[in-house]
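Engineer: Mind looking at a prediction? Sequence and model below.
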Amino acid sequence: MGRRARQLGFTVALLIAAWLWWWEPVPAPPLPPGSEPSASRSVASEPADDGEAQPGPSKAGATAPPPSAACTPHAAASCHEGDLYWLDSCGVVGELKESCQGRGCAADSCKPARAAHNACGRTSAYGECSGDVAEACIGEQLVRVDCASRGGRCVMTGEGAVCMPRDDAHGCKGYEPARCEGDKLTLCVDGRWQSVDCAARRASCSERGASAHCEAPTVVGLAPLGLASEQCNDRDDDADGHVDEDGACDEVALVAFVPEGAQLANLDARMTEELAILNRVFAPTRFRWARTREAPARYRVFEPRHMEQAASALGQSESRYQAPGKAASSGEPGLPFYVPVLFAEKLKVDPPKSGMSTLPNARCGGVRVSDAPSPVSGLIVLTEARQPETLTHELGHYLGLCHTHEQIARLAVQADGVELCERTGDSICDTADDPGPPGCFQAGQCELMCRDGSRPDPFNIMSYYLGCRRVLTPEQLAEAARNLTLRKAWFRCQDPRACPCDPKLKAACPAEMSCHPTGSGDAPWWCELDGVGAPGTACGDASQCSARAFCLAGAGSSARCVRPCDDEPGCTCMDVGLPVRVCAQDLR
């Protein structure tokens, strides 16, 4: 059943708002302009004959124009996009002469490989906990943070070693086994015990196998996702007889937000370099810096707990779609869609991180990682300590990609009919298995040694192997394109008052949104992002329901996610005093 099965199946999630965003570690100091490794258009790195990972085919080799008859080919070599390329006598870049393997280059030669061992030893930017001391490699120097001296503890999270507050009631170390308590799954995630209601996903909690998990006998089918929107791929995705219409191939706008008074070095030059990398990696999708706007001074040192509020404010300030009485803050015409990027001096996190991003509807790799209601707005935050490819890495998270070392199996409902690769690892089938920095040592610049013998791709943009990252796989690009289409459709609904809907219509809202009652006379129904609750399962409010369902209390029973009833298969229509009849079976 493949990827479609996963999209129609239920996924388990974690009750933690912190998992709505993803971090980027602080790297070594940024490489100078021109030394960033080259990024392939759409192909994964593949093993060479000797088994070592090599970068994928260069886009220059596929797109460079033929040399002019008046120009002599291979007249010289020059550093271009981090590798060495041939130049003809007219100065036109030709095919790849030599890959610099992520080391970068200068003039007409590759830079020498960094020493396999530096002051950090085997500690990476991902870091590790030594008791309550967090250790991480920052700028090739070992940094130690005594979490206990600050009243905290060191926890190994999905983002590496992090200082977290002490929590005697809900804290855990991370190595404790998951367990079942009835149909609720209890597991340790990022230093806290979390409870997941398997029954809400029409699954049960099972302790069979290596670890407790939510399990369903088969994939549960839902209404079609409605993703027949046009994408930039030379195909007629929506079957309307037209190809790539409605601006499918238009450049995607990025809006840069700079906090008032922020001390940011070489921002314009760095933004230009970062955009070039972004467009190479995500090709054929192209991005542009559309505007630069001032943000509040309080964002100079950004606190992750402000992420949702900042995403809502910055994600709407330049929007064309505003609730009644609002307009774009700049006074210019609002944009139909844009990605907000905040340039902060640093994040208030120890050890430091160089970037973070929200996920689309709390999903990565198509699997929800939080039960908490997810905001429509999204935001990328970058710090001064970032690498040139950090923007590209964080945009991958913004467009629904996990880290390659993610272990999604503990989150996904285990069900027959779903391919193993779609419920394990990063949930992307064409990425290599990656135990991550704790299980792999970066022996050389882009040479990995893994304890379990795995051979992850250090060149993948979504990995933690800094200094090597330059490519995405075809399936990663497809998942990112799918989520870009979704985010564009959701954009007008950032303020739900600007997104009214009619619950009687099957396509009342964009894909993965449902029409929910508001209790307001002005806009009685509006579109909100789907939650994790299937029709017929218990709910506390509408944000927990999905597949066109909304939360409704039945006579003498707890509230349930119920669907509007028209020609819904298996439904008996029932009048409950609302403008729309509901499916009686969902209330049982």
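Structural biologist: Arrived safely, thanks for sending.
Engineer: Give me the distance between residue 563 and residue 545.
Structural biologist: Distance, residue 563 to residue 545, by Cβ to Cβ, to the nearest Å: 9 Å. (Each C-beta comes from the backbone N, C-alpha and C, glycine too.)
Engineer: which neighbours do these two share?
Structural biologist: residue 535 (Cβ atoms under 8 Å, 6 or more residues apart in numbering).
Engineer: Can you pull out the low-pLDDT segments for the stretch 151-300 of the chain?
Structural biologist: Within the stretch 151-300 of the chain, the segments meeting pLDDT under 70 span 219-231, 238, 246.
Engineer: And the helices in it?
Structural biologist: Applying DSSP state H, counting those that start in this stretch to the stretch 151-300 of the chain gives helices spanning 267-281.
Engineer: low pLDDT regions in this protein?
Structural biologist: 1-23, 25-69, 81, 101-104, 112-118, 219-231, 238, 246, 322-330, 554-557.
Engineer: where do the strands sit along the stretch 301-450 of the chain?
Structural biologist: In the stretch 301-450 of the chain, the segments counted as strands under DSSP state E, counting those that start in this stretch are 301-302, 339-343, 346-347, 353-358, 363-364, 367-368, 380-382, 414-416, 440-442, 448-450.
Engineer: what would the ones you listed look like in a markdown table with mean neighbour count and distance to residue 508?
Structural biologist: Converted to a markdown table, these look like this (neighbours: other Cβ atoms under 10 Å; distance: least, Cβ to Cβ, whole Å):
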| stretch | mean neighbour count | distance to residue 508 |
| --- | --- | --- |
| strand 301-302 | 20 | 36 |
| strand 339-343 | 25 | 26 |
| strand 346-347 | 18 | 39 |
| strand 353-358 | 26 | 25 |
| strand 363-364 | 24 | 22 |
| strand 367-368 | 25 | 22 |
| strand 380-382 | 27 | 30 |
| strand 414-416 | 17 | 29 |
| strand 440-442 | 21 | 47 |
| strand 448-450 | 17 | 49 |
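Engineer: wait, which of the ones you listed is closest to residue 159?
Structural biologist: Nearest to residue 159, of all those, is strand 353-358, at 7.1 Å by Cβ to Cβ.
Engineer: other SSEs contacting the closest one?
Structural biologist: Identification of packing neighbours for strand 353-358 by 3 or more Cβ pairs under 8 Å, 6 or more residues apart in numbering; DSSP states H and E yields strand 21-25, helix 307-316, strand 346-347, strand 380-382, helix 390-398.
Engineer: To residue 506, which of the ones you listed lies closest?
Structural biologist: helix 307-316 (28.0 Å).
Engineer: Give the other helices and strands that that closest one contacts.
Structural biologist: For helix 307-316, the packing partners by 3+ Cβ pairs under 8 Å, 6+ apart are strand 339-343, strand 353-358.
Engineer: okay but residue 350 is in contact with residue 149, surely?
Structural biologist: No - assessed by Cβ atoms under 8 Å, residue 350 is found out of contact with residue 149, at 11.0 Å.
Engineer: Which one of the two is surrounded by more residues?
Structural biologist: residue 350 (19 against 10; other Cβ atoms under 10 Å).
Engineer: For that one, give me its contacts.
Structural biologist: 134, 145, 147, 150, 162-163.
Engineer: From what I see, residue 284 and residue 232 are in contact.
Structural biologist: Yes - Residue 284 is within contact range of residue 232, at 5.9 Å (criterion: Cβ under 8 Å).
Engineer: ok, back up a step: would you list the buried entries among the contacts of residue 350?
Structural biologist: 134, 145, 147, 162-163 (16 or more other Cβ atoms under 10 Å).
Engineer: Tell me where the stretch 151-300 of the chain has strands.
Structural biologist: 152-157, 160-165, 179-181, 184-189, 192-197, 204-206, 213-218, 252-259, 287-295.
Engineer: tell me which strands and helices the last one is in contact with?
Structural biologist: Spelled out, it's strand 287-295. strand 252-259, helix 267-281.
Engineer: show me the contacts for residue 290.
Structural biologist: By Cβ under 8 Å, 6+ apart, the contact list for residue 290 reads 253-255, 335, 338.
Engineer: and these, which two are the farthest apart?
Structural biologist: So, those by Cβ to Cβ: farthest apart are 254 and 335, at 10.3 Å.
Engineer: When the two are compared, which one has more neighbours?
Structural biologist: residue 254 (22 against 16).
Engineer: just checking, that one touches residue 286?
Structural biologist: No - the criterion here is Cβ under 8 Å, and residue 254 misses it with residue 286 at 10.8 Å.
Engineer: hang on, the earlier thing: using TSV, lay out the strands of the stretch 151-300 of the chain together with distance to residue 423.
Structural biologist: Listed next are the strands of the stretch 151-300 of the chain as TSV, based on distance: least, Cβ to Cβ, whole Å:
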stretch	distance to residue 423
strand 152-157	21
strand 160-165	24
strand 179-181	18
strand 184-189	15
strand 192-197	15
strand 204-206	14
strand 213-218	10
strand 252-259	30
strand 287-295	31
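Engineer: closest one to residue 448 among those strands?
Structural biologist: Taking the strands of the stretch 151-300 of the chain one by one with Cβ to Cβ, strand 160-165 is closest: 16.6 Å.
Engineer: angle of that closest one against strand 353-358?
Structural biologist: 80 degrees (axes from the mean of the first three to the mean of the last three Cα atoms, to 10 degrees).
Engineer: Residue 343 touches residue 262, doesn't it?
Structural biologist: Yes - with contact defined as Cβ under 8 Å, residue 343 reaches residue 262; the gap is 6.9 Å.
Engineer: tell me the centre residue of the protein?
Structural biologist: residue 397 (1.8 Å; Cα atoms, centre = their mean).
Engineer: how close does that residue sit to residue 364?
Structural biologist: 7 Å.
Engineer: do residue 145 as well
Structural biologist: Residue 145 is 27 Å from residue 364, where distance means Cβ to Cβ.
Engineer: And for residue 301?
Structural biologist: To residue 364, residue 301 is 27 Å away according to Cβ to Cβ.
Engineer: before we move on, what about residue 79?
Structural biologist: 35 Å.
Engineer: Please apply the same query to residue 483.
Structural biologist: 10 Å.
Engineer: repeat for residue 310
Structural biologist: Distance from residue 310 to residue 364, by Cβ to Cβ: 20 Å.
Engineer: circling back to that earlier point, closest to residue 571 out of the strands of the stretch 151-300 of the chain?
Structural biologist: strand 213-218 (20.3 Å).
Engineer: name the helices or strands packed onto the closest one?
Structural biologist: strand 204-206, strand 414-416.
Engineer: Identify each buried residue in that strand, please.
Structural biologist: 213-216.
Engineer: likewise stretch 506-526?
Structural biologist: 508-517, 523, 525-526.
Engineer: Out of these, which is nearest to residue 406?
Structural biologist: When the buried residues of stretch 506-526 are ranked by distance to residue 406 (Cβ to Cβ), residue 512 comes first, at 20.7 Å.
Engineer: So the closest one sits against residue 362, correct?
Structural biologist: No - with contacts counted by Cβ under 8 Å, residue 512 stays clear of residue 362, the gap being 11.1 Å.
Engineer: Let me see the contact set for residue 170.
Structural biologist: 192-193.
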